[in-house]
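[1] let me see the structure of the following:
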Amino acid sequence: MSTTERPRILVVGGGYVGLYAARRILKKMRYGEATVTVVDPRSYMTYQPFLPETAAGSISPRHVVVPLRRVLPGAEVLTGRVVDIDQDRKVASVEPLVGESYELPFDYLVMALGAVSRTFPIPGLAENGIGMKGVEEAIGLRNHVLEQLDKADSTTDEEIRRKALTFVFVGGGFAGAETVGEVEDMARDAAKYYPNVKREDMRFILVDAADKILPEVGPQLGKWGLEHLQERGIEIYLQTSMKSCVDKHVVLANGLEVDASTVVWTAGVKPNPALAKFGLPLGPRGHVDTAPTLQVRGTDYIWAAGDNAQIPDLAAGEGAWCPPNAQHALRQAKVLGDNVVSGMRGFPQQDYKHANKGAVAGLGLHKGVAMIVFGKARIKVKGRLAWYMHRGYHGMAVPTWNRKIRVFADWTLGMFLKREVVSLGAIENPREEFYEAARPAPAPVAVPEQPKAAAPAAEKAGAA
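    Sure, this is the predicted structure:
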C-alpha cells in the first residue's frame, strides 16, 4: 500500500460502477492530486449482461471479466473486503484474503458494492441452487448442464435420465429469460452429438411469481418472448413460486412436482447486505439513500451509485428511482467520478439525469427482443434484428477496447465454427485425480497364519 500523504479516495467495490468511477477520477485528476484505492474481494470486474452467453459457450469466460490492475494502473487495487467504516475517524477496516485485518484511512469514499442474489428461505435452495451473478456460476452452469447430458446418454435407468434432463429456472426477468433461452439453445445443439439424447427428452421449466416475463421491454415484447420460449418447448408457469427443492425434488406452489438435476435461481437481486454495517442512511429496501448528485444524504465526502444506491430518477419524475441496470450504472459512474473530483476541489456538484434509452435481451442464437426509445417514440423489435441490436449494444458497452475486440472475435468465430459442447466439470476439483494418484496406497492387511488341524485319532493309530 502507498504511504503517501496525499488525500485518499477509497472506492469500495470493483464492479461496474467501481471500475468506471475509478477510471473517471484518475482521468479528471491532476497528477499526484490524490490516491485512488479500490478494494474488492475479486481482482476483476465481471460484465454481467454477458453471463448467459458465457453459460452457453458463445463467449469465452476470460473475455467477460476485466482485470482491475490492468485497467487501473494509476490506482491501488487491494484484494479484500471492507468490513467496517468509522465515519468519525474516516477509517475503513479492510480484511485481506490472507493475514490480519488492518485500518485504511480515507478522505473521500465511494460506495460501489453492487448487489447480491435475492434469495428466500426455501428448503433445499442453498444446497442445490445455482445463481447467475458471477462468471464462476456461469462456467459451473455450463459444465453442469453438459455433464447431465453425459449422464443421460450413458445410462439405461429411466429415472436417472429423466432427472438429469430436467432443468428448472426460477425468475423471468432479464437474467432468467436470457439464461434459459441460451442454455436451451446450447442443449439443443449438444444433443446432436449424443446418440441416446434428443431435445424431446429434455424438460425446461421457467417459473416466475409475476404475471409476465421480461417486464423491462414492455408487455408486448414480453408476451412475444413468452410465446417464443413456449414454442421452443420451454414450460412457463407464471404467478407461481418454488416451495422446495430438497434433494433436487422441486415442488412448485401450483402443485407441480419434478425431480430436476438443475435448479437455476435468478429471482432478482438485493443491495449488498454489508451496507448495513457502515452506518450509512438506507432506504426501505437496504439501498444507500443518495441525492441526485450521487452524494450520500447527510454527507459531503461519500458518494454511491449503481445497484447498491437509491438514486432519484429525475428524467422519470417525482418519486421515481433509477432501475438497477448497466445503462444507468455506466452513466452514473461518470457523473460520480466528476463529482468526486469537484467535491475534492470545492466546486459545485452536478445532478445525475438520464432518460431511458430502451432495453435489449438475447434469447439464444439469432433470437432476441429490443425496445428502443427515441424521444416519445418506442420502437419494438424482435427476432434476428433484435438479437443483432442486443449484441451490438453490449459489445460496445463492455469496458476497454481489449475486451470489446475479444468478444467480437468470439462472435465472429462462432459464425464459422461449431459451438464447443464439452464439459470441463473436473476444473471444479482440479487436484482430485492427482490426489488419488499421489496418496499412499493402503497397507496390506496381514492375514494370520492358521494353525494346522490335529490329525484324527484313527489316522494316528493307522500310522502307528
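[2] any idea what residue 282 is bridged to?
    Using DSSP bridges, the bridge partners assigned to residue 282 are residue 288.
[3] was I right about it contacting residue 276?
    Yes. In this structure residue 282 lies within contact range of residue 276 using CB atoms under 8 Å: 6.9 Å. For every residue, glycine as well, the C-beta is placed using N, CA and C.
[4] looking at those two, which has the bigger crowd around it?
    Looking at residue 282 and residue 276 with other CB atoms under 10 Å, you find the greater number of neighbours at residue 282, namely 17 against 11.
[5] ok, the more buried one - contacts?
    Listed by CB atoms under 8 Å, 6 or more residues apart in numbering, the contact partners of residue 282 are 275, 276, 288, 289.
[6] so where do the helices sit in the stretch 201-350 of the chain?
    219-231, 326-345 (DSSP state H, counting those that start in this stretch).
[7] quick revisit: by neighbour count, which of the contacts of residue 282 wins?
    Neighbours here are counted as other CB under 10 Å. On that basis the top member of the contacts of residue 282 is residue 288, with 26 neighbours.
[8] follow-up on the earlier one: identify the farthest-apart pair in the contacts of residue 282.
    276 and 289 (12.8 Å; CB to CB).
[9] helices and strands of this structure: which one bottoms out on pLDDT?
    Across the helices and strands of the chain, mean confidence by mean pLDDT, DSSP states H and E is lowest for helix 457-463: a mean of 49.
[10] how near is residue 10 to residue 75?
    If you measure residue 10 against residue 75 using CB to CB, to the nearest Å, the figure is 11 Å.
[11] what's the burial count for the residue nearest to residue 119 when sequence neighbours are not counted?
    Once its chain neighbours are removed from consideration, residue 119 has its nearest residue in residue 125; the separation is 6.3 Å (CB to CB, 6 or more residues apart in numbering). By the measure other CB under 10 Å, the count of residues near residue 125 is 18.
[12] residue contacts, residue 125?
    Contacts of residue 125 were listed using CB under 8 Å, 6+ apart, and they are 119, 242, 245, 263, 265.
[13] check residue 315 and give its pLDDT.
    According to the per-residue confidence, residue 315 scores 84 in pLDDT.
[14] just residue 418 next, same as before
    In the prediction, the pLDDT value recorded for residue 418 is 81.
[15] that one - how many residues pack around it?
    If we define neighbours as other CB under 10 Å, then residue 418 has 9 of them.
[16] so what's the backbone phi/psi at it?
    Here the main-chain torsion angles of residue 418 (degrees, to the nearest 10) amount to phi -70, psi 150.
[17] show me where pLDDT drops low in the protein?
    Screening the chain residue by residue with the criterion pLDDT under 70, one finds the ranges 1-4, 425-428, 446-464.
[18] ranges for the helices of the stretch 51-200 of the chain?
    Taking DSSP H, counting those that start in this stretch as the criterion, the stretch 51-200 of the chain carries its helices at 51-56, 68-71, 125-128, 135-153, 158-164, 174-190.
[19] mind listing what residue 89 touches?
    If a contact means CB under 8 Å, 6+ apart, then residue 89 has residue 105 as its contacts.
[20] what about it, distance to residue 192?
    Separation of residue 89 from residue 192 (CB to CB) stands at 63 Å.
[21] again, but for residue 430
    In this structure, residue 430 and residue 192 are separated by 29 Å, where distance is defined by CB to CB.
[22] thinking again about what came up before, can I get the helices of the stretch 51-200 of the chain in TSV with distance to residue 110?
    Formatted as TSV, the helices of the stretch 51-200 of the chain follow (distance: least, CB to CB, whole Å):
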stretch	distance to residue 110
helix 51-56	25
helix 68-71	14
helix 125-128	32
helix 135-153	23
helix 158-164	46
helix 174-190	26
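[23] quickly compare the ones you listed and say which is most buried.
    Among these, judged by mean count of other CB atoms under 10 Å, the one packed with the most neighbours on average is helix 51-56 (a mean of 27).
[24] what kind of secondary structure is the residue nearest to residue 72 when sequence neighbours are not counted in?
    Taking CB to CB, 6+ apart as the measure, residue 72 lies nearest to residue 22, with 5.4 Å between them; neighbours along the chain are not counted. Per DSSP: H, G, I helix; E, B strand; the rest coil, the local secondary structure of residue 22 is helix.
[25] now do the contacts for residue 22.
    For residue 22, the residues meeting the contact criterion (CB under 8 Å, 6+ apart) are 11, 14, 36, 38, 72, 75, 110, 337.
[26] apply 10 Å and report the result again.
    For residue 22, the residues meeting the contact criterion (CB atoms under 10 Å, 6 or more residues apart in numbering) are 9, 11, 13-14, 36-38, 68, 71-72, 74-77, 110, 112, 333, 337, 340.
[27] now it: how far from residue 43?
    Distance from residue 22 to residue 43, counting by CB to CB: 14 Å.
[28] which residues do these two both contact?
    Taking CB under 10 Å, 6+ apart as the contact rule, residue 22 and residue 43 both touch 14, 68, 77.
[29] how about those in TSV, adding distance to residue 228?
    Supplementary listing: these in TSV, determined by distance: CB to CB, whole Å:
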residue	distance to residue 228
14	36
68	38
77	43
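[30] ok, those residues vs residue 361, which is closest?
    Here the nearest of those to residue 361, counting by CB to CB, is residue 14; it sits at 26.1 Å.
[31] what helix or strand does the closest one sit in?
    Element membership of residue 14 [criterion: DSSP states H and E] is none; it lies in no helix or strand.
[32] please apply the same query to the one 3 residues further on.
    Take DSSP H and E as the rule and residue 17 turns out to sit in helix 16-28.
[33] what of residue 414?
    Assignment of secondary structure by DSSP H and E places residue 414 within helix 401-416.
[34] and that helix, what does it pack against?
    Helix 401-416 makes packing contacts with helix 51-56, strand 65-67, helix 68-71, helix 384-397 when contacts are defined by 3 or more CB pairs under 10 Å, 6 or more residues apart in numbering; DSSP states H and E.
[35] distance to residue 254 added to the ones you listed, as CSV?
    Supplementary listing: the helices and strands packed on helix 401-416 in CSV, determined by distance: least, CB to CB, whole Å:
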stretch, distance to residue 254
helix 51-56, 26
strand 65-67, 38
helix 68-71, 45
helix 384-397, 31
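[36] show me the one of these that comes nearest residue 269.
    Of all the helices and strands packed on helix 401-416, helix 51-56 sits nearest to residue 269, with 12.7 Å by CB to CB.
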